[in-house]
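Engineer: Let me see the structure of the following:
(one chain, ligands or ions: 2)
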Amino acid sequence: MDFDYIVVGSGFGGSVCAHRLTEKGYRVGVMEMGRRWTPENLPRTNWRLRRWIWRPGLGLRGFFNIDPFRHVVVMHGCAVGGGSVTYANTSLAPGDAIWESGSWAGLADWKAEMPRHYETAMRMLGVMENRIIGPADRILRRAAEEHGVGQTYYRTRVAVFEGPVGEAPGTVYPDPYFGGKGPERTTCIGCGGCMMGCRFGAKNTLDQNYLYLAEQAGAQVFAETRVVDVRPLEGSSDGSLGYEVFTVRSTMLGGGRRRFTCRGVVFAASALGTLDLLFRLKEKGSLPAISGQLGNRVRTNAESLIGVRVTGSREDLSQGVAIGSGCYLDQYTHVEATRYPAGSDAMGLLATVLTGGEPGRTRILLWLRELAVSLLRHPVRTLRSLHPFGWARESIILLCMQTLDGHIEMRMGRPWFWPFRRVLRSQGPRIPTYIPQANEFARKVAAAAGGTPMSMVTEILFDVPGTAHILGGCPMAGTATEGVVDSRNRLFGYRNLYVCDGSVIAANLGVNPSLTICALAERAMSFIAPAAETD
Ligand SMILES: Cc1cc2nc3c(=O)[nH]c(=O)nc-3n(C[C@H](O)[C@H](O)[C@H](O)COP(=O)(O)OP(=O)(O)OC[C@H]3O[C@@H](n4cnc5c(N)ncnc54)[C@H](O)[C@@H]3O)c2cc1C
Ligand code: SF4
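Structural biologist: Residues are numbered from 1 along each chain as shown. Ligands and ions are numbered 1, 2, ... in the order given. Below is the predicted model of the structure:
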């Protein structure tokens, strides 16, 4: 065998598994479709589309992916270190109620088991309470107070190396987390650039902790390598003799096909990546026994992205860490103050005036009316709010998430506009396009800041919300008729196949999911015996 385990994807789930498996004495290969990023090759702003967006067929080889579906626009990461390169560092544990519903309810004593895995994940990711409060956080606090929920305002917990109060930012420390085994870190300068990748060595991305330690211990990471097939080795249909894994070079059209053999495989390619791969493996007969539940109960974390643009703001709203603070509008609805770094204005192209109303044609008409009214009342301010340049410096993005249930389904199909290829498609009843409480709060924030509340244009024109937190699709359950993996993340129907990423999450968490993905992967790996104890 080339490896004991091959891990597909090097994001949160994949990096945890790579580290824990090498620690247990296994030979591990990590296949990662994205590129390896360092402070030197990260783009300065997101106008450098070639180094920001991932669409290799068009020559775009960045770390940020946008996939539009009929029900939702999904944003996700693609890099060595997965979504951690582009994520906003916020690492929150959800409330206990999430374990009581969804397909995982009753499969384990989650409330007793999970706290220790969250603890471990927080320690490994270097999570701390954010100390760098920027102007956007202060505005959020004022708006929360005016909205009557000031007591719920909090500083986020972030996977960032922030220095002690009073010390100059940008100070270099030898490894502060792993007793000297980890890389040196530099204290955060609060530039708000986390979602463009940290160029200052302060963000605790996975290639600075879990994946770093795995590589130090011998794991081999294959960047720009996409897994396209996984088959049981000849002689067994359930994989008990091992697997062959086929890869291609993701940045070279149709090139670089390779074959590896291994004893087991961990699928950790993110909710979308794992669904896409498992559907293809089931359909082409490589892993035909995968449960028919695949693609069911995909969740968007009941999310809505809105914002406020303060044209001509005297303060630079991009200062701070990417998500510095949050508050709760009610027991289900959570809002975080989010930002891009000054100069990274490309996302401003998706912003338009905030619009409520019923989805569909009437909402488009309402939007046109809101736009006309805004243009008549404040022509200069409205035109400046729609202009992308200066957007990051002048904007607060409000990331709103709910714990309310709601899900869609994903299946493979041929899109009408490109029937030559089967791709993932969303189906099922629509999910809410926007959250009325969040829209109302955006108006409060706008009033507190003297700005204009904004929506995403895709939400209004195409009736689809945006999410950076796509979850589910490989439901965890007691049997293969109810789910795709068991309570220890083992794929039903096969030996030594695991799914450890966002696809196994069985609830809308209402908080950012990466910590929960890590904690569940920690738990799944804790059940695997060390190599020395197995034959
Ligand atoms: C802009 C942005 C900001 C975010 N901010 C936060 C935040 O503050 N806090 C938080 O908790 N979450 C945040 N998220 C979400 C978070 O990034 C994801 O929930 C998390 O990364 C998912 O982890 P994962 O292990 O499921 O997969 P990922 O971290 O997405 O990793 C999967 C990896 O698998 C690779 N892959 C896919 N298919 C294949 C294949 N066939 N072969 C090889 N490799 C493959 C992908 O390239 C990717 O690198 C944010 C997301 C975005 C886009
Ligand atoms: S705020 Fe700037 S320095 Fe701090 S972690 Fe984010 S990108 Fe790095």
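
Engineer: near ligand 1, which residues of the stretch 301-450 of the chain?
Structural biologist: Contact residues (Cβ under 6 Å from any ligand atom) of the stretch 301-450 of the chain with ligand 1: Ile323. Every C-beta, even on glycine, is put in place using the N, C-alpha and C of the backbone.

Engineer: which stretches of the stretch 301-450 of the chain form strands?
Structural biologist: 303-309, 323-328, 333-338, 351-353, 395-402, 409-413, 423-427 (DSSP state E, counting those that start in this stretch).

Engineer: Need the CA coordinates for the helix or strand where Ala271 lies. PDB is fine.
Structural biologist: Assigned by DSSP states H and E, Ala271 falls within helix 270-283. Taking C-alpha atoms only, helix 270-283 is exported to PDB below (Å, rounded to 0.1, in the frame of the first residue of the first chain):
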ATOM      1  CA  SER A 270     -16.300  19.800   2.400                       C
ATOM      2  CA  ALA A 271     -20.100  19.300   2.100                       C
ATOM      3  CA  LEU A 272     -20.200  20.200  -1.600                       C
ATOM      4  CA  GLY A 273     -16.900  18.500  -2.500                       C
ATOM      5  CA  THR A 274     -17.800  15.200  -0.700                       C
ATOM      6  CA  LEU A 275     -21.300  15.100  -2.100                       C
ATOM      7  CA  ASP A 276     -20.000  15.700  -5.600                       C
ATOM      8  CA  LEU A 277     -17.400  13.000  -5.300                       C
ATOM      9  CA  LEU A 278     -19.600  10.400  -3.500                       C
ATOM     10  CA  PHE A 279     -22.400  10.900  -6.100                       C
ATOM     11  CA  ARG A 280     -20.000  10.200  -8.900                       C
ATOM     12  CA  LEU A 281     -18.500   7.200  -7.200                       C
ATOM     13  CA  LYS A 282     -22.000   5.700  -6.600                       C
ATOM     14  CA  GLU A 283     -23.200   6.400 -10.100                       C
END
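
Engineer: List the contacts of the residue in the stretch 51-200 of the chain positioned nearest to ligand 1.
Structural biologist: The minimum distance from the stretch 51-200 of the chain to ligand 1, using Cβ to the nearest ligand atom, falls at Gly83 (2.2 Å). If a contact means Cβ atoms under 8 Å, 6 or more residues apart in numbering, then Gly83 has Gly11, Phe12, His76, Gly77, Ser270, Ser514 as its contacts.

Engineer: Quick check: of those residues, which lies closest to Pro43?
Structural biologist: Proximity of those to Pro43 (Cβ to Cβ) peaks at Gly77, which lies at 14.2 Å.

Engineer: beta partners for that closest one?
Structural biologist: Here Gly77 sits in beta bridges with Phe64, going by DSSP bridges.

Engineer: State the number of residues packed around it.
Structural biologist: Using other Cβ atoms under 10 Å, Gly77 has 24 neighbouring residues.

Engineer: Surely it and Tyr87 touch.
Structural biologist: Yes. Between Gly77 and Tyr87 there is a contact under Cβ atoms under 8 Å: 6.5 Å.

Engineer: Any buried residues in the lowest-mean-pLDDT helix or strand in the chain, and which?
Structural biologist: Counting by mean pLDDT, DSSP states H and E, the chain has its least confident helix or strand at helix 457-461, which shows a mean of 85. Buried residues in helix 457-461, counting neighbours by 16 or more other Cβ atoms under 10 Å, are found at Val457, Thr458, Glu459, Ile460.

Engineer: Kind regards, and thank you for your time.
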